[in-house]
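> Sequence first, then the predicted structure, then my questions.
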Amino acid sequence: KFVGSNGKKYEIHANITETYPSTPPVWFADSEDTSVTNAVQILSNTSGRDNHVINQVGILLKELCRLHSVPEPEELERLALGIWSCAVPMEAPPTPPHNDDDDEEEDDAEDEEDLHLEMDDPDTASKNKGDEMGVEHLAVLERLRQTQRQDHLKGSVSGSVQATDRLMKELRDIYRSDSFKKGMYSIDLVSESLYEWNVRLMSVDPDSPLHNDLVELKEKEGNDSILLNMHFKETYPFEPPFVRVVHPIISGGYVLVGGAICMELLTKQGWSSAYTVEAVIMQIAATLVKGKARIQFGAPKVVGQGQYSLARAQQSFKSLVQIHEKNGWFTPPKEDG
């Protein structure tokens, strides 16, 4: 919790991901004050030792104090001293009498120190990160970086810096995740845009009717996945993505007319900037099963002729939000999950 120069309090939280400390924690704040969001944004671009929580806290406090024109607390200096106390050698004690065994111990200690230095080497860490994902995914990330550079040079930047940085991080984490590698779902960027994703759900609860429907769908159409479309605004991650089902036509499963999905998590009221994209995808898969979703095999396959479209999905979702803002959300019994 940070107290600004005007006495206003800002609560800032960190979400430790499974890739920590190879990647920094995901920081988020409920406030949209630019002085806070700008400070938080810096933390997503760190590497090496600066990915560690204590170092991140120090960086965050320094930046917040600078942006709010308040003096840095004395504790911050002690925190910095504590961080580096392990790295800075202390004054050497008096030299004991020479002993050959001591030389061997010193050599072992030097070897161990070299090992630690190798482990902390940023280049090695980066190489290990790259080994965790496929070459084609590394190529996607590199193309996105090149596009972003060109857009900056042309002055035609789309979206926001904060949303772009967070989405790049989300995409990297997904490419490294076990669920993605196991083929539970796949990701395709629409027109190479970081702000629109096509997600194919290829795995649901094997004991569910929906799983059996996907098996039948593969036999009939050669397709065994549920296609979702995700739109991200420049206000992401402070606003949820808009998610809809594109194909196949589904009944039940909390899927509305047009393909929108009835989930409080996908509304401003139920959303938290701490949620990862993968967590949202997995929650949608669970919600479809929980709502007893079934594939409608007789429905039109062409979007223009069927009932699923972006406009219809947005309209039905807007109506849904208005209803729940007025009446609240129904919380099912614990035995229903």
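In hand now; what should we look at? Keep in mind it's a predicted model, so treat the numbers as computed, not measured. Numbers count the residues shown, from 1 in each chain.
> was I right about Ala274 contacting Ile12?
No: the pair Ala274 / Ile12 is not scored as a contact, 11.3 Å apart, by C-beta atoms under 8 Å. (Each C-beta comes from the backbone N, C-alpha and C, glycine too.)
> Who's the closest spatial neighbour of Arg176, skipping the chain neighbours?
Spatial nearest neighbour of Arg176, excluding adjacent residues (C-beta to C-beta, 6 or more residues apart in numbering): Glu132 at 4.5 Å.
> Roughly how far does the one you found sit from Lys169?
Per C-beta to C-beta, to the nearest Å, Glu132 is found 14 Å from Lys169.
> When Ala274 and Ile12 are compared, which one has more neighbours?
Taking other C-beta atoms under 10 Å, Ala274 and Ile12 do not tie; Ile12 has more neighbours (18 against 13).
> Dihedrals phi and psi, the more buried one?
Per-residue torsions, Ile12: phi -120, psi 130 (degrees, to the nearest 10).
> Over to Arg244?
Note on Arg244: its backbone torsions stand at phi -140, psi 160 [degrees, to the nearest 10].
> what bridges to it?
Asn229, Ala260 (DSSP bridges).
> That one - how many residues pack around it?
Neighbours around Arg244, by other C-beta under 10 Å: 24.
> Contacts only, for it.
Applying C-beta atoms under 8 Å, 6 or more residues apart in numbering to Arg244 gives the contacts Leu228, Asn229, Gly258, Gly259, Ala260, Ile261, Tyr308, Leu310, Ala313, Phe317.
> Same check on Leu201?
Met184, Tyr185, Ser225, Ile226, Leu228, Ile281, Ile284, Ala285, Leu288.
> out of everything not next to it in sequence, what's closest to it?
Excluding its sequence neighbours, the residue lying closest to Leu201 (C-beta to C-beta, 6+ apart) is Ile226, at 4.3 Å.
> buried residues in the strand or helix carrying Cys65?
Taking DSSP states H and E as the criterion, Cys65 maps to helix 53-67. Neighbour-count burial for helix 53-67, counted by 16 or more other C-beta atoms under 10 Å, picks out Asn55, Gln56, Val57, Gly58, Ile59, Leu60, Leu61, Glu63, Leu64, Cys65, Leu67.
> Which neighbouring elements make contact with that helix?
On a contact count with 3 or more C-beta pairs under 8 Å, 6 or more residues apart in numbering; DSSP states H and E, helix 53-67 meets strand 12-15, helix 34-42, helix 74-84.
> can I get the CA coordinates of that helix in CSV?
Extracted C-alpha coordinates of helix 53-67, given in CSV (Å, rounded to 0.1, in the frame of the first residue of the first chain):
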residue,chain,number,x,y,z
VAL,A,53,10.0,-9.7,-5.5
ILE,A,54,12.2,-7.7,-3.1
ASN,A,55,14.1,-6.0,-5.9
GLN,A,56,10.7,-5.3,-7.6
VAL,A,57,9.4,-3.7,-4.4
GLY,A,58,12.4,-1.4,-4.3
ILE,A,59,12.0,-0.4,-8.0
LEU,A,60,8.3,0.2,-7.5
LEU,A,61,8.7,2.4,-4.4
LYS,A,62,11.5,4.5,-6.0
GLU,A,63,9.4,5.2,-9.1
LEU,A,64,6.2,5.9,-7.0
CYS,A,65,8.1,8.4,-4.8
ARG,A,66,9.6,10.1,-7.9
LEU,A,67,6.2,10.4,-9.6
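> Which residue ranges of this structure form helices?
Listed in chain order, the helices of the chain (DSSP state H) span 34-42, 53-67, 74-84, 100-120, 122-131, 135-154, 161-176, 178-181, 209-221, 277-290, 310-327.
> Switch the ones you listed over to TSV; also include distance to Arg200.
Below are the helices of the chain laid out as TSV (distance: least, C-beta to C-beta, whole Å):
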stretch	distance to Arg200
helix 34-42	31
helix 53-67	35
helix 74-84	44
helix 100-120	37
helix 122-131	25
helix 135-154	15
helix 161-176	13
helix 178-181	11
helix 209-221	11
helix 277-290	10
helix 310-327	18
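> Include distance to Leu266 and mean pLDDT when you put those helices into CSV, please.
Supplementary listing: the helices of the chain in CSV, determined by distance: least, C-beta to C-beta, whole Å; pLDDT from 0 to 100:
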stretch, distance to Leu266, mean pLDDT
helix 34-42, 22, 75
helix 53-67, 29, 85
helix 74-84, 39, 61
helix 100-120, 40, 48
helix 122-131, 30, 46
helix 135-154, 25, 87
helix 161-176, 16, 93
helix 178-181, 19, 92
helix 209-221, 19, 93
helix 277-290, 8, 93
helix 310-327, 8, 80
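> So which of those helices is nearest Leu265?
helix 277-290 (6.2 Å; C-beta to C-beta).
> Mind giving me the packing neighbours of the closest one?
Using 3+ C-beta pairs under 8 Å, 6+ apart: helix 277-290 touches helix 161-176, helix 178-181, strand 196-201, strand 226-231.
> so how far is the last one off the chain centroid?
In terms of C-alpha atoms, centre = their mean, to the nearest Å, the gap separating the centre of strand 226-231 from the centre of its chain is 17 Å.
> Packing partners of it?
Counting contacts by 3+ C-beta pairs under 8 Å, 6+ apart, strand 226-231 packs against strand 196-201, strand 242-247, helix 277-290.
> tell me which residues in the first one are buried?
By 16+ other C-beta under 10 Å, the buried positions in strand 196-201 come out as Glu196, Trp197, Val199, Arg200, Leu201.
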